[in-house]
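**Student:** make a model of this:
(chains A and B)
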Amino acid sequence: MSGDAILEIRDLKVSFRVRRAGRKYQVQAVDGASLSLAEGEVLGIVGESGCGKTTVGRSIVGLVQPDSGAISFRGGEMIGAGGTKLREMRLNVRMVFQDPYASLNPRRTIGDAVAEAGDINGFFKSRAERSAAISATLTAVGLDPSFAARYPYELSGGQRQRVGIARAILPTPSIVIADEPVSALDVSVQAQVLNLMMDLREELRLSMLFISHDLGVIGQISSRVAVMYMGRIVEQAATRAVLDQPLHPYTRALVAAIPKPDPTKRILGAIETGEPPSLFKRPPGCAYAARCPLASDRCLVDVPQLRPAGTDGRAVACHNV
Amino acid sequence: MRHDGAILWLKPFVARPIALAGLGILLATVLAAAFAHWLAPYDPYAIDPMIRLTPPNAAHWFGTDQFGRDTLSRVIQSARMALLIGSGVVVFALATGVPIGVLSALFPRLGHVLMRMVDVLMAFPALLLALGLIVILGPSVANAILAIGVGYMTTTTRIVYGLTLRLRAETYVEASRSMGAGTLWLIGKHILPNLVSPLLVQASFVFAFAQLGAASLDFLGLGAPPEIPSWGNMLAESRTFITRAPWLLFFPGMMIVATAFSLNLVGDALRDRLDPRFRQVFGEKG
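**Tutor:** Residues are numbered from 1 along each chain as shown, chains lettered A, B, ... in the order given. Predicted coordinates:
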């Protein structure tokens, strides 16, 4: 898997300093996450709110500065890169944001939004080339080219998210990082946008990092899944394997929470209780121990490391499976 | 925000007659200043001791002053100084407040220093600050603009600073950064365009308060030189005649009140137009 990896993240750590009631805290949002994204693959990152999945995505596009770790794109290190090398990476690794209402400037036209990456990086050689590219990209995401002259408030949520996707594919990147791209949309629109992303992935040969809290959505689009909990990856495997036979107790809880058409087929006994521990006070052992039905004494003191489990590059971080 | 809707801009005014009245007064003042030479029935500087201190009559609608000069002509001529000071102060406040506020918000270290300096200036009452500066700089029209402008530079900076802090965290700004945008790009394409509407509102209030500030300075003899007609100067010159010739104070005083009040009305209407919470009322999509 790592041989033809287009994006490789090793031992990424990101922390935020937070001031609360006059005291300074350090929140470890990502605590040593490692991932690799193969050329053409869709890797899903799943986990609950605050688990650090978004921070991983934001680190890759340079919106947050990691404390340590490495992020390499086609073998070239991204952290600390500059000049033309950084520019090439910025154009090649692009992000689709969660909230289609907040992610478009109300004062700029749809065309300006779609062309922004090209404009910033001097990609277009002429006005004609620019407007042709905008039209083509809008068409590719299923919008009429006449949308280029419109303003965001004239568009629906689904249309806006199509614009958000269009913005991420002009000029065509190698990797798209989609951060909860459908969670702000109606269910009927979700399916359309997901289908659009699948089609574009195929057409443009994109590799994709698909971040979501919804295993159901991840199951539809991604071939491999990384499950995150409290800043760490607790399980990594092919999507089918995770859905059919989750190993880590947290993954089991997530899979059990997917709504089933037939309620009698739900996996019982894996419903978790309680909430994740405070990010301000990380427990010394496994972060999941307090909620885990399998927790043993060892889990309270010893942090489980990701270790290979079975075939197909599957890995799990748990002492008891 | 639509760019093709002059009608939409007028809506809050039409919906509120008093705001429309404000706009009317403002427009009248601008016209008076622009066409003072044609509108004024007499030369505002012509002295005629024979008719000094005449009460309002058919020939001199606003009466005459202690030198026999026509008050109406002087009131009209004064509109020029009022608009000059007002627009001068607005330009100064925006030209200083916008860059300081934007840069302070984008560069927190710089912002810490600059915003504390702004806080110190804000601790002085605007008029006291203006008086102090005039004492240092000496009275002149340009210095009056500067002295009053410094007071409103601080409030403009505060507003711009707060708005930029909020804009900086917007997802579309992050999207832009994630595609490699530099600071100049963010300021030019994302921050400034979003500051235009709130600054328009701020400008109208600054303009209004500059009128009051200028009148105060003039009245104290620290604003425009006494030979230039201005409403404040007119009040200062004729204050000793308040019992004998009250019209000398009434008309310029009314003009100060009317312009400041109308600008406030216009500012209110603009704010309502631009505040999304009010926008639904005027029938535009959020």
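
**Student:** where does residue B:66 land in three-state SS?
**Tutor:** coil (DSSP: H, G, I helix; E, B strand; the rest coil).

**Student:** list the residues that contact residue B:126.
**Tutor:** Applying CB atoms under 8 Å, 6 or more residues apart in numbering or on different chains to residue B:126 gives the contacts B:148, B:151, B:152, B:209, B:213. Any C-beta I mention is one placed from the backbone N, CA and C, and that applies to glycine too.

**Student:** if you set the cut-off to 10 Å instead, what comes out?
**Tutor:** Taking CB atoms under 10 Å, 6 or more residues apart in numbering or on different chains, we find residue B:126 in contact with B:147, B:148, B:150, B:151, B:152, B:154, B:155, B:209, B:210, B:212, B:213, B:216.

**Student:** need the pLDDT of the spatially most central residue of chain A.
**Tutor:** Using CA atoms, centre = their mean, the residue of chain A that lies closest to the mean C-alpha position is residue A:211, 2.6 Å off. For residue A:211, the model assigns a pLDDT of 95.

**Student:** what's opposite it in the beta bridge?
**Tutor:** When bridges are called by DSSP bridges, residue A:211 pairs up with residue A:45, residue A:179.

**Student:** the contacts of residue B:126 also near chain A: which ones?
**Tutor:** Applying CB under 10 Å from any CB of the partner chain to the contacts of residue B:126, one finds that nothing falls near chain A.

**Student:** want to throw those into CSV with secondary structure, neighbour count and pLDDT?
**Tutor:** What follows is the contacts of residue B:126, written out as CSV (DSSP: H, G, I helix; E, B strand; the rest coil; neighbours: other CB atoms under 10 Å in any protein chain shown; pLDDT from 0 to 100):
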residue, secondary structure, neighbour count, pLDDT
B:147, helix, 29, 94
B:148, helix, 32, 93
B:150, helix, 20, 93
B:151, helix, 24, 91
B:152, helix, 25, 92
B:154, helix, 24, 94
B:155, helix, 19, 93
B:209, helix, 20, 91
B:210, helix, 28, 92
B:212, helix, 17, 90
B:213, helix, 28, 91
B:216, helix, 19, 91
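
**Student:** which parts of the stretch 1-150 of chain B are helices?
**Tutor:** Ranges of helices within the stretch 1-150 of chain B are B:6-15, B:17-34, B:36-39, B:71-106, B:108-122, B:126-137, B:141-168, based on DSSP state H, counting those that start in this stretch.

**Student:** quick one, the longest one and helix B:17-34 angle?
**Tutor:** Read that as helix B:71-106. On the basis of axes from the mean of the first three to the mean of the last three CA atoms, to 10 degrees, helix B:71-106 is oriented at 110 degrees to helix B:17-34.

**Student:** buried stuff in helix B:71-106?
**Tutor:** Buried residues in helix B:71-106, counted by 16 or more other CB atoms under 10 Å in any protein chain shown: B:71-86, B:88-90, B:92-94, B:96-98, B:100-106.

**Student:** now for it, which elements pack on it?
**Tutor:** helix B:17-34, helix B:36-39, helix B:108-122, helix B:141-168, helix B:183-185, helix B:192-219, helix B:231-238, helix B:247-274 (3 or more CB pairs under 10 Å, 6 or more residues apart in numbering or on different chains; DSSP states H and E).

**Student:** quick revisit: quick one: which of the helices of the stretch 1-150 of chain B is nearest residue A:308?
**Tutor:** helix B:141-168 (43.6 Å; CB to CB).

**Student:** circling back: correct me if wrong: the residue nearest to the centre of chain A contacts residue A:182.
**Tutor:** No - using CB atoms under 10 Å, residue A:211 is not in contact with residue A:182, being 11.0 Å away.

**Student:** anything in contact with each of the two?
**Tutor:** A:96, A:98.

**Student:** pLDDT value on residue 180, please?
**Tutor:** Let's take chain A. 92.

**Student:** ah, no, chain B please
**Tutor:** Reading off the model, residue B:180 has pLDDT 89.
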